[in-house]
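Trainee: Dropping a prediction and its sequence here:
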Amino acid sequence: MDDLTIRTHDEIARDILRRNDRGGHTIPTSGLYPYQWNWDSVFVSLGLATFDRERAWRELDTLFEAQWPDGMIPHIIFRADDPSYFPGPSVWQANNGPLASSGITQPPVAASAILELAREEPERARPYVTKLDAWHNWFHEARDPDGLGVIAVTHPWESGRDNLPDWDAPGDSINVKDVGGYSRRDTDLVGAEMRPRKEDYDRYIALVRFGAERQWNQRRISAESPFFVADPGTTAILLRAERDLEALAQLLDEPSIGATKRIASLEAGFDRLWNPEAGNYCALDLRTGKHAEASTSAGFLALYAGITDRKPKLVEQLAAFDHAVGRLVPSYDPRSSLFDHRRYWRGPVWAHVNFMIARGLLDIGEESWANRLRGDTAALIRDAGFSEYFSPVTGEGCGGGTFSWTAAIWLAWGLGEVEVLD
Ligand code: GLC
């Protein structure tokens, strides 16, 4: 009788999270991503919290177990070597922390999730205050050494938005001559037209080799790396996280942490990312001083960060994206010639990004746009399944399937309650 049972999307989402559970940490999807990824795990904790709060905290505990002595929390944690993924621990050679890991980080969404969980269980959150403080501080020291108030990424992977066109021009100065032979595993599992191109991958691997040669000494990397690009996504997420860390410290009556000063720095610096030609906040190559040329979904995260000076312009941009494709929010400006609706971060819609942008829209009172994003996300998942990401043009599901953060966002955002208009 089992196969005749009709399961709700909520049940399927919970099932995906259980199946991707590797015992205290959740992998993004089996095959393509067999380890623990930083911001994936944080979104997963929000999904888990809807049905198993202890397991949600455990997800965060296992992520923070990998924190480096300098405060960084790595972007991948390699608990066991899995030859199906490249580049694995032997390529990264990052032995600076308590667990084998990559040598870069990812957008710091953890403080915001922990604040949410702490509202019901404040004491469980207490040990996180100093750990978050150390991680956030690390961003300012290692990724904004000149105190510009904008946070750089030293690898496209550090932004979490791997192959965004914004990284193309800054990446031109990466030397790929000595990258040597390597064999990608991702294109064995997903169609090459949905993944980064070979020229992008050469750059990714060259940057991993660059960091490994410097034993992941972050001061040397930020001083010497050919790739050092201020990212509106990371900067906005950190600014929101700093505000949420401050709120958490207040909730717990913890003595002052460094967030207040860091918030002031980011608030003062954020406008450096404004690109008047694009009419949005754009990546800024700190080696050349040039902005990326077009709007991306990350620009809208300014609202999530509480940067509201240019809100009419941002809402206007969002309406233009909508007019061009009808499904929100494409990761790259659909009016650009570089827009590629199925290729990863060069066009597709990602559920977790929509979740954050919608929060920012709600914060500024744009309820109908926020509802629109929620409705679009629900419809995409309902029609195409729990895919890694979605085409904003056709609505098809792309990349990996049974994807943890898509399932987690479904649960955390209550998408099962969104009315279907057929
Ligand atoms: C890709 C995504 C990144 C994500 C990872 C695991 O690298 O670009 O954001 O964390 O996959 O899902």
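Mentor: Looks like it arrived, so ask away. None of the values given here were measured: they were computed from a predicted structure.
Trainee: OK, contacts around residue 369?
Mentor: For residue 369, the contacting residues are 315, 318, 358, 361, by CB atoms under 8 Å, 6 or more residues apart in numbering. Every residue, glycine included, has its C-beta placed from N, CA and C.
Trainee: hmm, try it at 7 Å
Mentor: The contact partners of residue 369, by CB atoms under 7 Å, 6 or more residues apart in numbering, come to 315, 318, 361.
Trainee: Can you give me every residue that contacts the second one?
Mentor: Which is residue 318. Residue 318 is in contact with 300, 369, counting by CB under 7 Å, 6+ apart.
Trainee: would you say it is within a strand?
Mentor: No - read with DSSP: H, G, I helix; E, B strand; the rest coil, residue 318 is helix and lies in no strand.
Trainee: remind me which residues of this structure are low pLDDT?
Mentor: The chain contains residues with pLDDT under 70 at 1-4, 421-422.
Trainee: where's the residue most central in space within the chain relative to residue 345, distance?
Mentor: By CA atoms, centre = their mean, the chain has its centre lying nearest to residue 160, at 4.3 Å. Distance, residue 160 to residue 345, using CB to CB, to the nearest Å: 9 Å.
Trainee: do the same with residue 370
Mentor: Note on residue 370: its distance to residue 345, by CB to CB, is 23 Å.
Trainee: higher neighbour count, the two?
Mentor: Set residue 370 next to residue 345 and count neighbours by other CB atoms under 10 Å: residue 345 wins out with 25 against 20.
Trainee: So which residues of this structure form strands?
Mentor: Assigned by DSSP state E, the strands in the chain fall at 36-37, 76-77, 152-153, 229-230, 274-275, 280-281, 284-285, 389-390, 397-398.
Trainee: got these as a markdown table, with distance to the ligand and mean neighbour count columns?
Mentor: Output for the strands of the chain, formatted as a markdown table (distance: least, CB to the nearest ligand atom, whole Å; neighbours: other CB atoms under 10 Å):
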| stretch | distance to the ligand | mean neighbour count |
| --- | --- | --- |
| strand 36-37 | 4 | 26 |
| strand 76-77 | 8 | 24 |
| strand 152-153 | 12 | 28 |
| strand 229-230 | 16 | 26 |
| strand 274-275 | 23 | 20 |
| strand 280-281 | 19 | 30 |
| strand 284-285 | 20 | 22 |
| strand 389-390 | 9 | 28 |
| strand 397-398 | 12 | 22 |
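Trainee: Enumerate every residue touching whichever residue of the stretch 301-422 of the chain sits closest to the ligand.
Mentor: Closest approach between the stretch 301-422 of the chain and the ligand, counting by CB to the nearest ligand atom: residue 345, at 6.3 Å. Applying CB under 7 Å, 6+ apart to residue 345 gives the contacts 161, 162, 163, 164, 331.
Trainee: With adjacent residues omitted, what lies nearest to the fourth one?
Mentor: With sequence-adjacent residues excluded and distances taken as CB to CB, 6 or more residues apart in numbering, residue 164 is closest to residue 345, at 4.5 Å.
Trainee: Also the third one?
Mentor: Counting by CB to CB, 6+ apart, residue 196 is the residue found nearest to residue 163 once chain neighbours are left out, at 4.0 Å.
Trainee: Could you do the second one as well?
Mentor: In space, and not counting its chain neighbours, residue 162 is closest to residue 156: 5.2 Å by CB to CB, 6+ apart.
Trainee: contacting residues around that neighbour?
Mentor: Counting by CB under 7 Å, 6+ apart, residue 156 has contacts 162, 163, 167, 204.
Trainee: ditto for residue 401
Mentor: With CB under 7 Å, 6+ apart as the criterion, the residues that contact residue 401 are 29, 385, 386, 387.
Trainee: how deep is the second one tucked in, by neighbour count?
Mentor: Number of residues near residue 385 (other CB under 10 Å) recorded here: 17.
Trainee: How about the contacts made by the closest residue to the ligand within the stretch 101-250 of the chain?
Mentor: Of all residues in the stretch 101-250 of the chain, the one sitting closest to the ligand is residue 160 (3.7 Å; CB to the nearest ligand atom). Residue 160 sits next to 39, 106, 107, 233 when contact means CB under 7 Å, 6+ apart.
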